[in-house]
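Trainee: I would like the atomic coordinates for the input below:
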Amino acid sequence: MKFKVVHTCPIEGVDSGEKLLEPFDASLVKGMWLTEDEIIRNAEDADAVIGVVSLHPFTRRVLKALSRCRIVAGLGIGFNTTDLEAATEFGIVVTNVPDYCLDEVSGLAIAFMLALGHKIPQLDKAVRERQINLTMDRKAVKEIAHPIFECVTKPWYYWLWQDWHSHSAQGKGSRDERDCLRSVCLGAGHGEPRSEAS
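Mentor: As a prediction, this is how the structure comes out:
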């Protein structure tokens, strides 16, 4: 007797393991069937069904209609849309994959956290739609990326002045250093350097 395996959620272009079934004289029937009626119509004579047991409605009605089925092999972790009591009653084994995509999900979660924390979607959109040069356009940086790039929203000489001010407070600064910074600021047309307090 030839066995029939029905895959209710195949991915186009992905090997579903047809060759593995050949030694068992089993055929694999594939289709995207998501409703109770679709599953019953295409799998009522199946010996095994492959599906997403947290998505497909493997209800009592469906399981009762699968008169030959002995296993519903789930593709994911959850099984909240599958009636386990009914499956037990009808002698159908239900399986899942407890470690399905754990690394992928956790990796993506961290990636999204970093992307949101650094406002990568907003910056990408601004560059693509408005052709903003974030290196030169400080107003755009302040508007889009604040407070991530807060340092570049202040005059560039502010940080030089802060560095000198810190060294001076510790007795490390010198008059020559202050005069040099003053000359640089005046030469750039920014006026006298000021500390944040002033």
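Trainee: continuing past the longest helix that the chain contains, what's the next helix or strand?
Mentor: Identified as the longest helix of the chain according to DSSP state H is helix 102-117. Going down the chain from helix 102-117, the next helix or strand is helix 120-130, by DSSP states H and E.
Trainee: and that next one with helix 102-117, angle?
Mentor: 60 degrees (axes from the mean of the first three to the mean of the last three Cα atoms, to 10 degrees).
Trainee: Have a look at this protein and report the helix or strand with the lowest mean pLDDT.
Mentor: helix 156-169 (a mean of 54; mean pLDDT, DSSP states H and E).
Trainee: would you say Ile40 is within a helix?
Mentor: Yes. Ile40: assigned to a helix according to DSSP: H, G, I helix; E, B strand; the rest coil.
Trainee: pLDDT score assigned to it?
Mentor: We have a pLDDT of 96 for Ile40.
Trainee: Walk me through the domains of this structure.
Mentor: For the chain, automatic domain parsing gives the domain ranges 3-95, 105-187.
Trainee: Buried residues of stretch 112-122, list them for me.
Mentor: Neighbour-count burial for stretch 112-122, counted by 16 or more other Cβ atoms under 10 Å, picks out Lys119. C-beta coordinates here come from the backbone N, C-alpha and C atoms, glycine included.
Trainee: give me phi/psi at Ile50?
Mentor: phi -110, psi 130 (degrees, to the nearest 10).
Trainee: Just grab the bridge partners of it for me.
Mentor: Ile50 forms beta bridges with His7, Ala73, as assigned by DSSP bridges.
Trainee: related to what we said a few turns ago, so for the longest helix of the chain, mean pLDDT?
Mentor: 90.
Trainee: Just the pLDDT at the residue nearest to Ser67 when sequence neighbours are not counted, thanks.
Mentor: Nearest residue to Ser67, sequence neighbours excluded (Cβ to Cβ, 6 or more residues apart in numbering): Glu44, at 6.9 Å. Per-residue confidence (pLDDT) for Glu44: 94.
Trainee: what's the distance between Gly17 and Ile40?
Mentor: 24 Å (Cβ to Cβ, to the nearest Å).
Trainee: So these two - more neighbours on which side?
Mentor: Using other Cβ atoms under 10 Å, the more surrounded residue of Gly17 and Ile40 is Ile40, with 16 against 11.
Trainee: from what I can see that one touches Lys64, true?
Mentor: No. Using Cβ atoms under 8 Å, Ile40 makes no contact with Lys64, being 9.3 Å away.
Trainee: So Asn80 lies in a helix, does it not?
Mentor: No. Counting by three-state DSSP, Asn80 is not part of a helix but coil.
Trainee: I'd guessed it sits against Ser54; true?
Mentor: Yes. With contact defined as Cβ under 8 Å, Asn80 counts as touching Ser54 (5.3 Å).
Trainee: The two: which is more packed in?
Mentor: Ser54 (16 against 8).
Trainee: Spatially, which residue comes closest to the more buried one, not counting chain neighbours?
Mentor: Excluding the flanking residues, the one nearest Ser54 by Cβ to Cβ, 6+ apart is Gly78, at 3.3 Å.
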